[in-house]
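> structure here, sequence nowhere to be found:
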């Protein structure tokens, strides 16, 4: 089972936006525990794309997992 990408920095950037910690949408967060690893892999790929796009734009990223 693929673990959640949550890094315990849970705050939505704006209504309808992404979590500033894990870069998932509210829908992606909600379904995570119900989906299979193939769907989780697709979400992780989307997160990677988002992270690259934000980095290219010079946006700060929360990438440090606590603990």
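Nice, I can see it. Treat the numbers as computed from the prediction; the structure is a model and nothing was measured.
> where does the protein have low pLDDT?
Along the chain, segments meeting pLDDT under 70 span 62-67.
> biggest helix in it by residues?
helix 37-56 (DSSP state H).
> for that one, name the packing helices and strands.
helix 26-31 (3 or more Cβ pairs under 8 Å, 6 or more residues apart in numbering; DSSP states H and E). The C-beta positions use only the backbone N, C-alpha and C, and glycine is treated the same way.
> end to end on stretch 8-19, go ahead and measure it.
Length of stretch 8-19, first residue to last, Cα to Cα, to the nearest Å: 10 Å.
> my bad, should have said stretch 8-22
One end of stretch 8-22 to the other measures 8 Å (Cα to Cα).
> residues of that stretch that come out buried?
Neighbour-count burial for stretch 8-22 flags 18-22 (criterion: 16 or more other Cβ atoms under 10 Å).
> just stretch 34-50 next, same as before
40, 43, 47, 50.
> contacting residues for the last one?
Which is residue 50. Counting by Cβ atoms under 8 Å, 6 or more residues apart in numbering, residue 50 touches 18, 23.
> what's the distance between it and residue 33?
As judged by Cβ to Cβ, to the nearest Å, residue 50 and residue 33 stand 21 Å apart.
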